[in-house]
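**Student:** can't give you the sequence, but here's the structure:
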């Protein structure tokens, strides 16, 4: 069941769901979601050094195929049409074993052509870390993204029972505790 605004506030106040820093409910809370803010650290591909990614024979860690961009809150990151960046939220999210999160883009930004996550919208029960977003500009005009804008919304769903093996207890978790934008670790599955 998806949590309502009332339950989101209750679960955060009780500490069952932890959002750091604490959210401003008046500005961030919707009827069944909580808006999160764009952080200031981004990763972009060095496409001139690495013309393609070979998923079968990827010997170079994808992290090395990317560079970090860190900007101040007053300056924008200009996302040109067809650009792709990995970004991070300002907020850290900690979920208990019986609640999952789902990240969605905001409609107002989607109408500009901004895609906030390509595919990784689910945050498993037991998740701890900042939300990483795969952001792309599908539009025809560049978009200036400023750190601190409300970039996405997270909904929370209760499980029928607590997960037997929450995310942090999985042996193969790759992204737990992340505090900054991280590249794909798909190549760890290939060897």
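**Tutor:** Thanks, I have it. In this text the structure is predicted, and so the values were computed from the model without any measurement. Numbers count the residues shown, from 1 in each chain.

**Student:** quick one: residues contacting residue 134.
**Tutor:** Taking C-beta atoms under 8 Å, 6 or more residues apart in numbering, we find residue 134 in contact with 84, 86, 115, 117-120. For the C-beta atoms, the positions are set from N, CA and C on the backbone; glycine is no exception.

**Student:** make that residue 28, sorry
**Tutor:** 34-36, 150.

**Student:** which of the contacts of residue 134 sits closest to residue 130?
**Tutor:** Here the nearest of the contacts of residue 134 to residue 130, counting by C-beta to C-beta, is residue 86; it sits at 11.6 Å.

**Student:** does residue 135 touch residue 114 like I think?
**Tutor:** Yes - using C-beta atoms under 8 Å, residue 135 makes contact with residue 114 at a distance of 6.8 Å.

**Student:** more neighbours: which of those two?
**Tutor:** Taking neighbours as other C-beta atoms under 10 Å, residue 135 and residue 114 compare with residue 135 leading, 25 against 19.

**Student:** run through who's touching the host helix or strand of residue 109.
**Tutor:** Taking DSSP states H and E as the criterion, residue 109 maps to helix 107-110. Where contact means C-beta under 8 Å, 6+ apart, the residues beyond helix 107-110 that reach it are 116, 151.

**Student:** next SSE downstream of the longest helix along the chain?
**Tutor:** The longest helix of the chain (DSSP state H) is helix 5-14. Downstream of helix 5-14, the first helix or strand assigned by DSSP H and E is strand 18-20.

**Student:** which elements pack onto that following strand?
**Tutor:** Packing contacts for strand 18-20, counted by 3 or more C-beta pairs under 8 Å, 6 or more residues apart in numbering; DSSP states H and E, involve strand 84-94.

**Student:** list the contacts of residue 49.
**Tutor:** With C-beta under 8 Å, 6+ apart, residue 49 has these contacts: residue 65.

**Student:** give me the element it is part of.
**Tutor:** Using DSSP H and E, no helix or strand contains residue 49.

**Student:** can you start the count at 24 instead of 1 from here on
**Tutor:** Renumbered: residue one is now 24, and that last one reads residue 72.
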